[in-house]
Each structure stands twice: as structure tokens, then as C-alpha cells.
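J.: test case, fold it:
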Amino acid sequence: MTEQTCVRCGTRTPPSDIVNVASTDGTYRLLCSRCFNEEMAQWADTVGLEHP
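T.: Okay, the predicted model is just below:
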């Protein structure tokens, strides 16, 4: 299993914990699940997000 790197935090993670996210400019980024959840919480104006 090849680990991939989150472009936001730089964490090396297995492919099962990575999300390929489309950006508004049409590009794609690989984010770990923690960074993805944090970004989605920001978009939804969620306060106090706790990671499992």
C-alpha cells in the first residue's frame, strides 16, 4: 500500500485516509481526512468541530 501526502498538513497517510478534493479553480488536492473535515467545517461555519 503506497502512502500519499496531504497537501495541507504534509502528513503521510494510507490511501484509505485520503480524499481527492476539487477546488473552486478546477484543480484537485489530496487531503487527509482530518484536513478535509476541518475544511468542510469551515465552509459550513461549524464551530467546535471535534475529530473522532
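J.: and for residue 30, the neighbour number?
T.: Per other CB atoms under 10 Å, the neighbour tally for residue 30 reads 17. For every residue, glycine as well, the C-beta is placed using N, CA and C.
J.: next one: phi and psi at residue 17?
T.: As for residue 17, its main-chain torsions (degrees, to the nearest 10) stand at phi -120, psi 30.
J.: that one - how many residues pack around it?
T.: Look at residue 17: counted by other CB under 10 Å, it has 15 neighbours.
J.: residue 35 is in contact with that one, correct?
T.: No - shown here, residue 17 and residue 35 do not form a contact pair, counting by CB atoms under 8 Å, at 10.4 Å.
J.: in this structure residue 22 contacts residue 28, no?
T.: Yes - applying CB under 8 Å as the test, residue 22 and residue 28 come out as touching, 5.7 Å apart.
J.: now stretch 29-44: average pLDDT?
T.: Stretch 29-44 comes out with an average pLDDT of 91.
J.: ignore the last one, stretch 3-19
T.: Along stretch 3-19, the predicted local confidence has a mean pLDDT of 95.
J.: so what does the helix or strand harbouring residue 29 touch, helix or strand wise?
T.: In this assignment (DSSP states H and E), residue 29 forms part of strand 28-32. In terms of contacts (3 or more CB pairs under 8 Å, 6 or more residues apart in numbering; DSSP states H and E), strand 28-32 is packed against strand 18-22.
J.: who does the strand it packs on pair up with?
T.: According to DSSP bridges, the neighbouring strands of strand 18-22, each with its direction, are strand 28-32 (antiparallel).
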